[in-house]
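# What follows is a predicted protein model with its sequence.
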Protein chains: 2
Amino acid sequence: MNETFKALSDPTRRKILDLLKESDLTAGEISGHFNMSKPSISQHLKILKNAGLVQDVKKGQFVVYSLNTTIFQDIISWAFNFTDDQKENKRG
Amino acid sequence: MNETFKALSDPTRRKILDLLKESDLTAGEISGHFNMSKPSISQHLKILKNAGLVQDVKKGQFVVYSLNTTIFQDIISWAFNFTDDQKENKRG
DNA sequence: TTATTATTTAGTTAAATACTTAAATACTTT
DNA sequence: AAAGTATTTAAGTATTTAACTAAATAATAA
């Protein structure tokens, strides 16, 4: 869970996830949405990928990135354990 | 959401949340669970408090910390928007 | 009121992070 | 094969973070 939260702790990376939520995008298309160098975005994508939050597929000379939605279920499960709902379930 | 994820990105702080999930604790009791100075834990508690993840109440010379469970609902909502469930709901 | 206990604030340092530019790699087109 | 495009890797730097110790604040007990 540590790599996941580390990856999510940066606003640029969360904005990348927001973009990929709408549609799959190449590395270049993603970097087009930021006032930041392509290498910087590439680094962020690497961190997101290592955290399992995104996947990539090479399409010719492009690399297409997409969300890996399964990890978000893990985040939901983690957070649910801290809610009142969970406390109620414990008791009853 | 940025302060929240920043706060959650540290393993020590997530462990503090785990402890408070079981019961409310004073600052000193919390620091007793770590091989770390009390001031360091105090800083972590400050960050968790500023992020709205915990609350504190002064009881005499003690400060009792407890979870603020409402924020975790926000995390769940955020994560849910990245799941396949959400995509299905969009379509149908 | 002096000493003791609980906690936070202040100041410092080492390590981690997020950026940059330049160079390398991989693929495509001519 | 040479040139151009897409992307990543490498190397360097400024900022942020997380730890520490020492000092300050606040409450309690002697």
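That came through, no problem.
# Residue of chain A closest to chain B, please.
A:Ser9 (3.6 Å; CB to the nearest CB). Quick note: C-beta positions are derived from backbone N, CA and C, even for glycine.
# Now do that residue against B:Thr83, distance only.
To B:Thr83, A:Ser9 is 20 Å away according to CB to CB, to the nearest Å.
# Could you do A:Ile76 as well?
Taking CB to CB, one finds A:Ile76 at 7 Å from B:Thr83.
# ok, A:Asp18 - how many residues close by?
Using other CB atoms under 10 Å in any protein chain shown, A:Asp18 is surrounded by 12 other residues.
# For A:Met1, see how far away the most centrally placed residue in chain A is.
The C-alpha lying nearest the average C-alpha coordinate of chain A belongs to A:Leu53 (CA atoms, centre = their mean; 3.9 Å). Using CB to CB, A:Leu53 is found at 12 Å from A:Met1.
# tell me which helix or strand of chain A sits lowest on mean pLDDT?
helix A:84-91 (a mean of 68; mean pLDDT, DSSP states H and E).
# ok, which stretches of chain A are strands?
Using DSSP state E, the strands of chain A run over A:25-26, A:54-59, A:62-67.
# Got phi/psi on the closest residue to A:Ala7 other than its chain neighbours?
Ranked by CB to CB, 6 or more residues apart in numbering or on different chains and with sequence neighbours excluded, the top spatial neighbour of A:Ala7 is A:Ala51, at 3.6 Å. Backbone geometry at A:Ala51, expressed as degrees, to the nearest 10, gives phi -80, psi 0.
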